[in-house]
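Chemist: Give the three-dimensional model of this entry:
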Amino acid sequence: MGKIMKITVTIEDESGEILVEQSSERAVPYIEEIEQQGFRSAFHDLEVAVLELRQEAGDSALSEYLEQMSKKKPKRQPAQGGPS
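Modeler: Numbers count the residues shown, from 1 in each chain. Coordinates of the predicted model:
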């Protein structure tokens, strides 16, 4: 029986308020699987899981963050100075 690896990406504002939090998880080999598969094969499975999790969590967080930002309307600053 494997273990679960979970990677969480959090985007916070300056005050520490969480704007986005996305997690991904995968089963990873544990001692029994490492002994059965052999170290190289089990390490490969672990390495692939880490890379996929990081990519998935990062992409999801970035996508959600950009979606939130696109919904916010920027405040327009009045033009500085007048016609010369």
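Chemist: Please determine how far Gln36 is located from Pro29.
Modeler: For Gln36, the distance to Pro29 equals 9 Å [CB to CB, to the nearest Å]. In this view, the C-beta of every residue, glycine as well, is placed from N, C-alpha and C.
Chemist: and those two? which has more neighbours close in?
Modeler: Each of Gln36 and Pro29 has its neighbours counted (other CB atoms under 10 Å); Pro29 has more, 20 against 10.
Chemist: Flag every buried residue along stretch 13-33.
Modeler: Val20, Gln22, Ser24, Arg26, Val28, Pro29, Glu33 (16 or more other CB atoms under 10 Å).
Chemist: any weak-confidence spans in the chain?
Modeler: For the chain, applying pLDDT under 70 flags the ranges 1, 73-84.
Chemist: those helices in it, which residues are they?
Modeler: Per DSSP state H, the chain carries helices over the ranges 31-37, 39-71.
Chemist: Identify whichever of those helices lies nearest to Gly16.
Modeler: Of all these, it is helix 39-71 that lies closest to Gly16, at 16.0 Å by CB to CB.
Chemist: helices and strands around that closest one, which ones?
Modeler: strand 3-12, strand 18-28, helix 31-37 (3 or more CB pairs under 8 Å, 6 or more residues apart in numbering; DSSP states H and E).
Chemist: the inter-axis angle of it versus strand 18-28?
Modeler: Using axes from the mean of the first three to the mean of the last three CA atoms, to 10 degrees, the direction of helix 39-71 lies 160 degrees away from that of strand 18-28.
Chemist: Could you find the closest non-adjacent residue to Ile4?
Modeler: Spatial nearest neighbour of Ile4, excluding adjacent residues (CB to CB, 6 or more residues apart in numbering): Glu25 at 5.3 Å.
Chemist: And the one you found, how far from Ser70?
Modeler: 28 Å.
Chemist: again, but for Asp13
Modeler: In terms of CB to CB, Asp13 sits 17 Å off from Ser70.
Chemist: for Ser23, same thing?
Modeler: 23 Å.
Chemist: likewise Thr8?
Modeler: From Thr8 to Ser70 the distance is 23 Å (CB to CB).
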